[in-house]
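Colleague: Return atomic coordinates for the entry below.
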Amino acid sequence: MEINGLPLHPLVVHAAVVFGPLAALAALAYLVPSWRERVRWPMVGLAVVATLAIVAAYLTGDNFLENKPELRSSPLVEKHEDLAGQLLWITIAFGVIALATGFLARRGALRVVLDVLLAVSAVLVLVWVVRTGDAGAQSVWS
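Modeller: Take a look at the predicted model:
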């Protein structure tokens, strides 16, 4: 997939790198009791956008490697690809948890469970976006 001769992956990746951490930070802000109601809908919206951006980055990266099979032999590209696969599933889980938290969690045990899962998944998204992005940058610039 290309746009005006440029591979789509390096373009889409910027949305993933911006919206993934923004969604994770919004989710962590949502956990602050005094901010919960103000941050609920931005958190839900950002979680959806981040999930879509990271899925798009994964799919375009996979397509990019199909068109450039010589890159698969690089250990740096392989590391980036492995981390991207992990990030994909972490982000999908985060998106589902963020939606469930935003729509279902009002009080009680469900709220506590969803808040814990939201916090853990948000931190994982932050860490894996940085790790995956760094591995991708290393594979390009090393």
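Colleague: Could you list the buried residues of stretch 105-114?
Modeller: By 16 or more other C-beta atoms under 10 Å, the buried positions in stretch 105-114 come out as 105, 114. Heads up, the C-betas are built off the backbone N, CA and C, glycines and all.
Colleague: do stretch 69-85 as well
Modeller: 76-77, 79-81, 83-84.
Colleague: for the protein, what spans make up the strands?
Modeller: 2-3, 6-7 (DSSP state E).
Colleague: looking at those strands, which has the lowest confidence?
Modeller: Ranked by mean pLDDT, these bottom out at strand 2-3, with a mean of 80.
Colleague: Just checking: what are the partner strands of that one?
Modeller: In the sheet, strand 2-3 lines up against strand 6-7 (antiparallel) (DSSP bridges).
Colleague: Next, find the distance separating residue 11 from residue 74.
Modeller: 21 Å (C-beta to C-beta, to the nearest Å).
Colleague: Ignore what I typed, I meant residue 62.
Modeller: 15 Å.
Colleague: contacting residues around the closest residue to residue 85 other than its chain neighbours?
Modeller: In space, and not counting its chain neighbours, residue 85 is closest to residue 58: 7.4 Å by C-beta to C-beta, 6 or more residues apart in numbering. If you count contacts by C-beta atoms under 8 Å, 6 or more residues apart in numbering, residue 58 has them with 84-85, 87-88.
Colleague: Show me which pair in the residues you listed is furthest apart.
Modeller: 85 and 87 (7.3 Å; C-beta to C-beta).
Colleague: got a list of contacts for stretch 134-142?
Modeller: By C-beta under 8 Å, 6+ apart, stretch 134-142 touches 13, 71, 74, 76-77, 79-80, 83-84.
Colleague: out of those residues, which one sits closest to residue 31?
Modeller: residue 83 (25.8 Å).
Colleague: right, and the closest one touches residue 132 too?
Modeller: Yes - Residue 83 is within contact range of residue 132, at 4.2 Å (criterion: C-beta atoms under 8 Å).
Colleague: what's the worst-scoring helix or strand of the chain on mean pLDDT in contact with?
Modeller: Within the chain, confidence by mean pLDDT, DSSP states H and E is lowest for strand 2-3 among all helices and strands, at a mean of 80. Under the criterion C-beta under 8 Å, 6+ apart, residues 8, 11 lie in contact with strand 2-3.
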